[in-house]
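# Whatever this is, show me its structure:
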Amino acid sequence: MNKKIIIISIITLIIGLLIGYIIKPNDNKLPKLPKPEVTDGVRGTLGIDKNINEKTIDNYLNRKDSVYRDMRMLKDPGNYEAIGGDSYLSGIIEGFEVIPYPYLEEVKGLPEEVGNTYQGKTLFSKNIDGTYKANYKESLEYLEYYFPKDKYIFLICGGGGYAGMTKKLLVSLGWDENKIYNVGGYWYYNGKHNITIKRINNNETTYDFWKLIFHDIDFNSLKEVS
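Below you'll find the predicted structure:
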């Protein structure tokens with residue numbers, strides 16, 4: 001009698017586990033992302049996405065299949081105040097890590113009012129035919145590490161320009177354009193996941209850069225391509 005009870009109990013347990021596995025939601029199954037689609041107007045010229053942008057990004061944060069990159073410098077030499085922006089990285093969206101786009105390649109095509117930005121060393125240089133030349137042996141490895149090809153990539157900056165330029169660079173080097181989203185500009189973000197970096201106390205302005213995950217590039221430690 002006891003043997004039958006044990007067998008029945010085991011069968012009941014197995015059936016219960018199977019039913020639980022079948023009806024239990026798959027926690028790892030994430031909602032499907034809309035295909036990248038450039039928006040209309042001036043924002044479209046920057047490559048900002050129509051569906052996933054500053055207004056909607058809160059719905060797409062904390063995905064395990066994605067990485068989040070803010071392409072601004074901590075303090076950009078360009079005069080972004082001249083176009084209503086901020087040369088300092090005064091805030092960031094939760095989950096985004098900072099990788100300055102001007103370190104990746106020479107910046108061109110900024111509004112005239114902004115002037116010049118960073119003029120130092122870069123991982124890549126652009127050839128006359130539009131292709132890219134690695135300036136260091138580690139250049140491509142750096143990109144592949146911080147912009148993994150097996151992930152969806154969400155890019156943002158101040159107004160959308162650096163993010164769009166980064167996407168063009170990655171796609172030119174072999175990344176899948178359908179896995180990269182130009183979210184647009186932090187300057188226009190009013191969501192619930194803001195992290196404030198700029199503080200004003202007693203008329204004194206300070207920046208809490210320690211709150212950021214910032215990926216600098218020590219060019220002196222890299223091996224130049226001859």
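# beta partners for the most centrally placed residue in the chain?
Centroid check for the chain by CA atoms, centre = their mean gives residue 69 as the closest residue, at 2.2 Å. Residues in a beta bridge with residue 69, per DSSP bridges, are residue 97, residue 155.
# and it, what does it touch?
Residue 69 makes contact with 96-99, 146-147, 153-156, 166 under the criterion CB atoms under 8 Å, 6 or more residues apart in numbering. For glycine as for every other residue, the C-beta is placed from the backbone atoms N, C-alpha and C.
# Quick check on these: which are buried?
Burial of the contacts of residue 69 was assessed by neighbour count (16 or more other CB atoms under 10 Å); the buried members are 96, 98-99, 147, 153-156, 166.
# And the furthest pair within those residues?
For the buried ones among the contacts of residue 69, the maximum inter-member distance is 14.5 Å, found between 98 and 153 (CB to CB).
# pLDDT below threshold where in the chain?
1-28 (pLDDT under 70).
# how about the helices in it?
Under the criterion DSSP state H, the chain contains helices at 2-23, 41-45, 139-146, 161-172.
# Buried residues in the second one, which are they?
This means helix 41-45. For helix 41-45, by 16+ other CB under 10 Å, it's residue 43.
# How about the third one?
Applying a neighbour-count criterion of 16+ other CB under 10 Å, one finds 139, 142-143 buried in helix 139-146.
# which of those lies closest to residue 104?
residue 143 (7.5 Å).
# What residues does the closest one make contact with?
By CB under 8 Å, 6+ apart, the contact set of residue 143 is 104, 123, 170, 173.
# which of these lies closest to residue 113?
Set against residue 113, the nearest of those by CB to CB is residue 104 (23.3 Å).
# Tell me how far residue 181 lies from residue 140.
22 Å (CB to CB, to the nearest Å).
# Likewise for residue 90?
Using CB to CB, one gets 32 Å for the distance from residue 90 to residue 140.
# do residue 153 as well
For residue 153, the distance to residue 140 - CB to CB - is 16 Å.
# Next: residue 166.
15 Å.
# Next: residue 185.
Taking CB to CB, one finds residue 185 at 28 Å from residue 140.
# next one: residue 170
Distance of residue 170 to residue 140, computed by CB to CB: 11 Å.
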